[in-house]
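Got a sequence here, can you model it:
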Amino acid sequence: MPQTVVVLLALSVSFIVVVLRRTFDRRSLNHIRGPSASLLFGHIFDLTRQSQVGELDTQWNKEFGNAWRIKDCFGNNFLMLTDPKAIHHICQKSGYGYPKDNKLSKFAQLTSGYGLVAAIGHDHMRQRNVMTSSFTAARLRQYVSIFQKTACKMVDKWKDEIFSGSEDAMIISVNHWLPRATLDIIGEAACGYEFGTLDNKNTELAKAYKNLFADSLMFPSKWDILFKATWNYLPISLLRFVNYLPMREYRRFRSTNQIMSRVAKNIIDEKVRDGTPSTKRDIADMMLNANESLDSKQRVSRDELADQIVTLVMAGHETTASTLNYILWELAKAPQYQVKVRREIRALRSAVAQRGDLAYSSEDLESMKYAVAIVKETLRLHPIVFHHSREAAQDDVIPLSEPIRSTSGEIIKSIPVRKGQIILISFWGYNRLPDVWGEDADTWNPERFLRPDAVRNTNVGLYANLLTFSAGVRGCIGWRFAVLETLSFLVELLEHFEFSIPPEKPDIVRIATGTIMSPFIRDAMHLGPMMPLQVAPLRE
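Below you'll find the predicted structure:
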């Protein structure tokens with residue numbers, strides 16, 4: 001069947017379903033203020049076409065307060081939030097009362113299989129139980145050596161392949177290197193598998209993941225926006241056919257998923273054949289051991305275990321690499337903080353040597369106050385996942401920490417929602433609230449995390465009162481892993497190199513590539529994601 005016919009058929013069926021659902025759906029947020037919208041596309045097209053991620057969030061937040069109404073396609077109301085109390089209620093207090101909606105769950109399944117990110121309800125609970133033991137503090141200490149080894153390897157690659165003994169500064173697109181390094185880390189830590197992407201050994205895997213989100217999801221077409229808007233109104237069982245659509249985006253994700261799924265299933269099969277001795281320390285071993293200890297009704301299948309590996313690879317390497325891109329960019333603009341971290345590195349190296357060790361421990365990394373503050377501040381200002389959607393599983397009343405005004409001027413201190421209401425949480429907006437982070441919330445300032453008198457009157461998120469890793473039972477299970485990995489790279493890179501903005505001063509902009517944001521050069525978007533920095537080797 002020609003591709004055009006498939007598209008028109010899918011849109012026609014989806015439109016009929018939406019119209020019927022809206023005819024019998026009386027829920028409304030019309031008393032909540034919000035910006036004017038397109039009748040057909042609502043605000044969704046505008047959100048995908050912002051000149052930078054967060055511009056609309058900031059504009060609407062200033063105009064309407066910490067809660068406002070936006071429109072999905074076909075005129076459906078979404079509630080958009082930055083309010084700390086409301087977010088705490090939805091993500092933390094309500095547990096599974098606000099699951100991911102169909103659209104987000106299906107998208108996660110399309111990109112990484114039915115793993116922890118895509119699973120909902122009881123399936124999510126089972127999978128999380130199996131994975132929890134892999135991310136304890138004791139286990140994380142064991143991964144630090146992998147982080148440091150890979151970071152050192154990338155440092156050596158730069159010295160050998162780029163500088164070759166020269167002490168002159170070079171322009172390096174750091175975003176081309178960091179995902180390869182973090183992919184190798186996930187391979188070894190997650191399943192004891194050597195992807196070898198830094199050594200250009202596994203070109204198929206590296207090519208499959210390179211710029212995956214940017215190539216597939218940046219500036220989606222109008223028909224695709226309309227089509228995805230119907231997913232929340234279709235049975236999840238019917239949405240499985242989305243995987244087989246012939247359009248490029250779906251083909252690309254399907255192909256990438258098949259490559260990694262094949263690798264993951266082979267790894268699981270080999271581990272099951274050989275047994276899972278407790279001396280092994282990768283995440284797959286821990287999952288298999290944990291699975292065996294559970295009641296049969298709580299265990300996960302072989303395919304689910306393989307999907308966890310696919311999920312870890314997808315979610316665990318791109319986001320960390322992107323965060324490191326922004327850390328190095330901010331440090332290039334503020335070299336005084338590079339100096340501060342290098343002082344910490346020298347002091348720590350001396351302390352480690354005095355106790356007879358060769359490498360840092362997780363406690364060592366977390367003791368570096370400036371390095372930690374830099375990581376926290378970059379996670380705050382540049383949340384790679386900038387929005388997250390939830391759906392009310394039952395009628396509820398969402399409390400607000402700051403009242404808002406209704407369309408009639410009434411003061412609103414809480415918002416009643418009906419079962420099925422979609423809520424869009426702005427991680428970007430919450431992370432930049434002046435009431436939480438200070439009047440300089442829009443600027444990069446690590447000192448905010450070093451002030452002894454800094455008091456935050458909120459309790460949101462998993463780390464440093466940030467929403468970057470989400471919160472509650474759906475929060476990122478690997479957030480500690482990501483923080484320690486980021487610190488490890490930061491230490492190794494700053495010990496050997498100095499970073500600065502290139503002389504041509506490229507205008508870096510934040511572009512939405514699906515659910516994550518990526519750095520681009522404003523006048524060179526055709527080059528794809530880019531983070532060029534001037535890098536100079538430090539003299540020994």
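
Spatially central residue in this structure, please.
A centroid search over the chain (CA atoms, centre = their mean) returns V385, at 4.1 Å, as the residue closest to the centre.

and that one, what is it in contact with?
Listed by CB atoms under 8 Å, 6 or more residues apart in numbering, the contact partners of V385 are T319, F427, T468, S470, T515, I516. Quick note: C-beta positions are derived from backbone N, CA and C, even for glycine.

Pipe those residues into a markdown table and attach pLDDT and secondary structure per row.
Output for these, formatted as a markdown table (pLDDT from 0 to 100; DSSP: H, G, I helix; E, B strand; the rest coil):
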| residue | pLDDT | secondary structure |
| --- | --- | --- |
| T319 | 92 | helix |
| F427 | 97 | helix |
| T468 | 96 | coil |
| S470 | 94 | coil |
| T515 | 86 | coil |
| I516 | 92 | strand |
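
Kindly write the ChimeraX command that selects the buried subset of the residues you listed.
The following ChimeraX line selects those of the contacts of V385 that are buried, judged by 16 or more other CB atoms under 10 Å:
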select :319,427,468,470,515,516
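
ok, back up a step: can you name the residues bridging to the residue nearest to the centre of the chain?
Per DSSP bridges, the residues bridged to V385 are I516.

okay, Y209: pLDDT?
What the model reports as pLDDT for Y209 is 85.

correct me, but it touches E318?
Yes: counting by CB atoms under 8 Å, Y209 does reach E318; the two are 7.4 Å apart.

Now for the two: what residues contact both?
Common contact partners of Y209 and E318 (CB under 8 Å, 6+ apart): P179.

where do the strands sit along the stretch 401-540 of the chain?
Using DSSP state E, counting those that start in this stretch, the strands of the stretch 401-540 of the chain run over residues 411-417, 422-426, 497-500, 508-513, 516-521, 532-537.

How about the stretch 101-250 of the chain?
According to DSSP E, counting those that start in this stretch, the strands that the stretch 101-250 of the chain contains are 170-173.

show me where it has helices.
Secondary structure of the stretch 101-250 of the chain (DSSP state H, counting those that start in this stretch): helices at 102-112, 121-132, 137-157, 174-191, 203-209, 212-217, 222-229, 248-274.

Output the below-cut-off pLDDT ranges for the chain.
Along the chain, the model assigns pLDDT under 70 to residues 1-27, 275-280, 453-455, 540.

so what's S426 bridging to?
Counting by DSSP bridges, the residues bridging with S426 are H387.

so which of the helices of the stretch 101-250 of the chain is the most packed in?
Highest mean neighbour count among the helices of the stretch 101-250 of the chain (mean count of other CB atoms under 10 Å): helix 174-191, with a mean of 24.

Just want the angle from that one to helix 137-157.
Between the axis of helix 174-191 and that of helix 137-157 there is an angle of 140 degrees, by axes from the mean of the first three to the mean of the last three CA atoms, to 10 degrees.

about what we covered before: between the strands of the stretch 401-540 of the chain, which one is closest to S173.
Nearest of the strands of the stretch 401-540 of the chain to S173, taken as CB to CB: strand 532-537 at 5.2 Å.

which secondary structure elements does that closest one contact?
Applying 3 or more CB pairs under 8 Å, 6 or more residues apart in numbering; DSSP states H and E, one finds that strand 532-537 contacts strand 170-173, helix 174-191, helix 302-333, strand 497-500.

Which stretch among those approaches I422 most closely?
Of all the helices and strands packed on strand 532-537, helix 302-333 sits nearest to I422, with 22.2 Å by CB to CB.

The closest one: which residues count as buried?
304-332.

immediately after it, which helix or strand?
Downstream of helix 302-333, the next assigned helix or strand under DSSP states H and E is helix 335-354.

contact partners of stretch 195-209?
Where contact means CB under 8 Å, 6+ apart, the residues beyond stretch 195-209 that reach it are 150, 153-154, 157, 179-181, 183-184, 186-188, 194, 255-256, 259-260, 263, 313-314, 317-318.

Between the two ends of that stretch, what distance do you get?
12 Å (CA to CA, to the nearest Å).

returning to what we had before: pick the one among the contacts of V385 closest to N243.
Within those, distances to N243 taken as CB to CB reach their minimum at T515, with 17.8 Å.

My read is that that closest one contacts H387, right?
Yes: contact status for T515 versus H387: in contact at 6.9 Å, counting by CB under 8 Å.

that older thread, got a markdown table for the contacts of V385, with distance to A536 too?
Formatted as a markdown table, the contacts of V385 follow (distance: CB to CB, whole Å):
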| residue | distance to A536 |
| --- | --- |
| T319 | 28 |
| F427 | 34 |
| T468 | 30 |
| S470 | 37 |
| T515 | 35 |
| I516 | 30 |
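
Which helix or strand contains the residue lying closest to V272 once chain neighbours are set aside?
Nearest residue to V272, sequence neighbours excluded (CB to CB, 6 or more residues apart in numbering): L288, at 7.1 Å. Using DSSP H and E, the element containing L288 is helix 283-293.

Just want the angle from that helix to helix 174-191.
Orientation of helix 283-293 against helix 174-191 (the same axes, to 10 degrees) gives an angle of 30 degrees.

got a list of contacts for helix 283-293?
By CB under 8 Å, 6+ apart, helix 283-293 touches 129-134, 139, 189-192, 267-268, 271-272, 276-278, 299-300, 305, 308-309, 312.

can you give me the helices for the stretch 351-500 of the chain?
Under DSSP H, counting those that start in this stretch, the stretch 351-500 of the chain gives helices at 362-366, 369-381, 427-430, 434-437, 479-496.

tell me the most buried of these?
helix 427-430 (a mean of 26).

and P529, how many neighbours does it have?
Residues within reach of P529, counting by other CB atoms under 10 Å, total 24.

Identify the residue nearest it in space, chain neighbours excluded?
Spatial nearest neighbour of P529, excluding adjacent residues (CB to CB, 6+ apart): S518 at 4.3 Å.

who touches that neighbour in this structure?
Contacts of S518 (CB under 8 Å, 6+ apart): F213, A214, M218, S322, R510, I511, P529.

what's the first-to-last distance across stretch 425-436?
End-to-end span of stretch 425-436 (CA to CA): 16 Å.

contacts for that stretch?
Residues from elsewhere that reach stretch 425-436 (CB under 8 Å, 6+ apart): 53-54, 57-58, 61, 66, 80-82, 84, 87, 90-91, 380-381, 383, 385-390, 402, 437, 441-442, 456-458, 460, 465-468, 470.

Could you rerun that using 6 Å?
54, 57, 61, 81-82, 87, 380, 383, 386, 388, 441-442, 456, 458, 467 (CB atoms under 6 Å, 6 or more residues apart in numbering).

for stretch 387-397, same thing?
Here stretch 387-397 makes contact (CB under 6 Å, 6+ apart) with 90, 97-99, 101, 104, 414, 416-419, 421-425.

run the last query once more with 8 Å
Counting by CB under 8 Å, 6+ apart, 78, 90-91, 94, 96-104, 232, 414-428, 470, 515 sit against stretch 387-397.

Quick one: end-to-end length of stretch 66-76, please.
End-to-end distance (CA to CA), stretch 66-76: 20 Å.

So what's the gap between it and the chain middle?
23 Å (CA atoms, centre = their mean, to the nearest Å).

Give me the buried stretch members for that stretch, please.
So stretch 66-76, judged by 16+ other CB under 10 Å, has buried residues N66, A67, W68, R69, I70, K71, D72, C73, F74, N76.

ok, the residue nearest to V272 - how many residues close by?
Around L288 there are 19 residues (other CB under 10 Å).

do the same with T513
Using other CB under 10 Å, T513 has 25 other residues around it.

And it, how far from E330?
20 Å (CB to CB, to the nearest Å).

cool, T132 as well?
33 Å.

just checking, Y114 touches E304?
Yes: here Y114 lies in contact with E304, judged by CB under 8 Å, at a distance of 6.6 Å.

Most distant residue from the centre of the protein?
Most distant from the centre of the chain: Q354, at 38.4 Å, with distances by CA atoms, centre = their mean.
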